[in-house]
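Chemist: I would like to see how this sequence folds:
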Amino acid sequence: MRQDGRVANALLSLLSRDWLGLPVALLVVGVGVGLMALGGAWVVTLGGVVVAVGAALLAGAVRHLVLVAREAGAHAPPGRLVDVGGHRMHVLAAGESAGGPTVVWMPGGHAPGDEFRQLHTLLGARTRSVLVDRPGSGWSDAGPFPRTTAVEAEELLAALEGAGERGPFLLVGHSFGGLLVANAARRRPDLVAGLVLLDPTPLEVIAFAPRNALVAGTRRRQLLTAVRHLFGAHRGSGGRTRADCAAASIFAELSPAGLARVGWETVVYDGDLGDLPLLLVTPRDLTGGETVLDAARDAAEAERIRRFYLRARTRYLAASTAARLIHTPEGTGHDFPREVPEFVVGAVWDLARELGAVVRR
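Modeler: Numbering: from 1, shown residues only. Down below sits the predicted model:
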C-alpha cells in the first residue's frame, strides 16, 4: 500500500474513536493559551479566539460522548457479538429452519443489518433468518482499515460461523450489499446454497457511467458527518463516528480509480458462480432514479444513458448458469425492499423452499 494510503487509513482509524474530539479540542485550547502568552495585542486577541474555538469544540466533544454513552445504555446489542480476527461483529438470528437454508440479509450502502429488520421479522416467522452488522455499523466494531468489499465478504462468513449458524446459506443483498454477498458466494461456494440479489450494484456503472455527483461526493459527506459527530455538531442521538469512517473507507471503491485498485478481488465476473441458484430482482425502469438522465446533452444521449443503466442492472445474470430475473411491482424503484417488503420476503421464501426441496430429495 502506498504511503499516502497508510496515512489516510491511520487517520480514519483515529477518527473512528469517539474520544478523539477531547484531545483535539484540548490541543486547540493549548495553542490558544500559548499564543496569549506571547504578548502583543493582536496575538493575544487571536489566542483568545483560538481558546474560545477550542472550548466550543471541547463542549461538543463532551456532548458527543454523553450521547454515545446514553445511546449505548438504552440499546444493548439484541444479538451476539462474535470475534472476527480481533474485532467483533454483531449477529442477530431468529426463527427455526423450515428444512431449507438459513437466510442471511445484507442491506445496501454500508448500513447496519437493522435496516432490514422488517424483512427479517417477516421471514423469521417462516424460517431461520439472520441479520449481520457490517464492521463499523450497528453494534459491530469498526475493524482495521481500509475497509473493502473483499475483506468484508470473508468477515461476513466468519461471523456467521462464529455465531454458530450453519450453512449452506441463502444470501440476500440489496445494492452495495448485493455486491458483498455475491463476492462471498464466489469465495466460498461450499457455504452458499443460493443468492437473491436485490438490484445489486453493477460496477460497470461506477467505471463507465456519466459522472454522478451524488456518488462522487459520498465519501466526503461521510467524513464531514463523522467530524460533526465527533464534536457534537448534530441533532438527535449520538451517532458513532466509526460508522461514517467505515463507510467512507469502503466507498473508495465506488470510483473509477478505486474500482481499478480492487476490481480483481471485488467484481464477480461472468461464470464466477458456476451453477449456483441466483435470483436477480430489479425494477423494470428508472423509477426514483431519473436524475441520472440529467447528465444527458440531448434526447439521444438520454436514451443511451437509460439503456446503459437498465442493461447494467442485469449483468449478474451472466455470473451463474442457474440465474433468473424477476421484476419488482410497477412503480417501485431502487428502494423497493422498503417499498414492498412483502414482495421481497415472498421472493426469498419461494427460493428458500425450492432449495429446501432439492436438499430433501
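
Chemist: And the strands in the stretch 201-350 of the chain, which stretches?
Modeler: For the stretch 201-350 of the chain, the strands defined by DSSP state E, counting those that start in this stretch cover 278-282, 323-327.

Chemist: So which of these is the most surrounded?
Modeler: Stretch with highest mean neighbour count among the strands of the stretch 201-350 of the chain: strand 278-282 (a mean of 22; mean count of other Cβ atoms under 10 Å). (C-beta placed from N, C-alpha, C; glycine too.)

Chemist: That one - contacts with which helices or strands?
Modeler: Other elements packing on strand 278-282 under the criterion 3 or more Cβ pairs under 8 Å, 6 or more residues apart in numbering; DSSP states H and E are strand 192-198, strand 323-327, helix 341-360.

Chemist: Out of the strands of the stretch 201-350 of the chain, the one nearest Ala357 is which?
Modeler: strand 278-282 (15.2 Å; Cβ to Cβ).

Chemist: Look at the residue nearest to the spatial centre of the chain and tell me its secondary structure.
Modeler: By Cα atoms, centre = their mean, the chain has its centre lying nearest to His110, at 1.1 Å. Counting by DSSP: H, G, I helix; E, B strand; the rest coil, the backbone at His110 sits in coil.

Chemist: With Leu92 instead?
Modeler: strand.

Chemist: what's the closest residue to it other than its chain neighbours in contact with, if anything?
Modeler: In this structure, Leu92 finds its nearest non-sequential neighbour in Gly79, 3.2 Å apart by Cβ to Cβ, 6 or more residues apart in numbering. Contact analysis of Gly79 by Cβ atoms under 8 Å, 6 or more residues apart in numbering lists 90-93, 131, 139, 163.

Chemist: For stretch 13-20, list the C-alpha coordinates in CSV.
Modeler: Listed next in CSV are the C-alpha coordinates belonging to stretch 13-20 (Å, rounded to 0.1, in the frame of the first residue of the first chain):
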residue,chain,number,x,y,z
SER,A,13,-8.8,4.7,12.4
LEU,A,14,-8.2,7.6,14.7
LEU,A,15,-11.4,9.4,13.6
SER,A,16,-13.4,6.3,14.3
ARG,A,17,-12.6,6.6,18.0
ASP,A,18,-15.4,8.6,19.7
TRP,A,19,-13.0,10.0,22.3
LEU,A,20,-10.7,11.7,19.7
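
Chemist: Just give me how far that stretch sits from the chain centre.
Modeler: Taking Cα atoms, centre = their mean, to the nearest Å, one finds stretch 13-20 lying 19 Å from the centre of the chain it belongs to.

Chemist: Of all the residues in that stretch, which ones are buried?
Modeler: By 16 or more other Cβ atoms under 10 Å, the buried positions in stretch 13-20 come out as 13, 15-18, 20.

Chemist: Out of those residues, which sit inside strands?
Modeler: Using DSSP state E to define strands, no part of the buried residues of stretch 13-20 is located there.

Chemist: Pick the one among those residues closest to Val68.
Modeler: Nearest member of the buried residues of stretch 13-20 to Val68, counting by Cβ to Cβ, is Asp18, at 5.3 Å.

Chemist: what comes up buried for stretch 153-170?
Modeler: In stretch 153-170, counting by 16+ other Cβ under 10 Å, buried: 153-157, 159-160, 162-163, 165, 167-170.

Chemist: Which one of those is nearest to Ser249?
Modeler: So of the buried residues of stretch 153-170, ranked by how close each gets to Ser249 (Cβ to Cβ), first place is Glu155, at 13.6 Å.

Chemist: Stretch 103-112 - what's its average pLDDT?
Modeler: Mean per-residue pLDDT for stretch 103-112: 97.

Chemist: try stretch 245-262
Modeler: The pLDDT scores in stretch 245-262 average 93.

Chemist: Need the distance between the two termini of that stretch.
Modeler: 19 Å (Cα to Cα, to the nearest Å).
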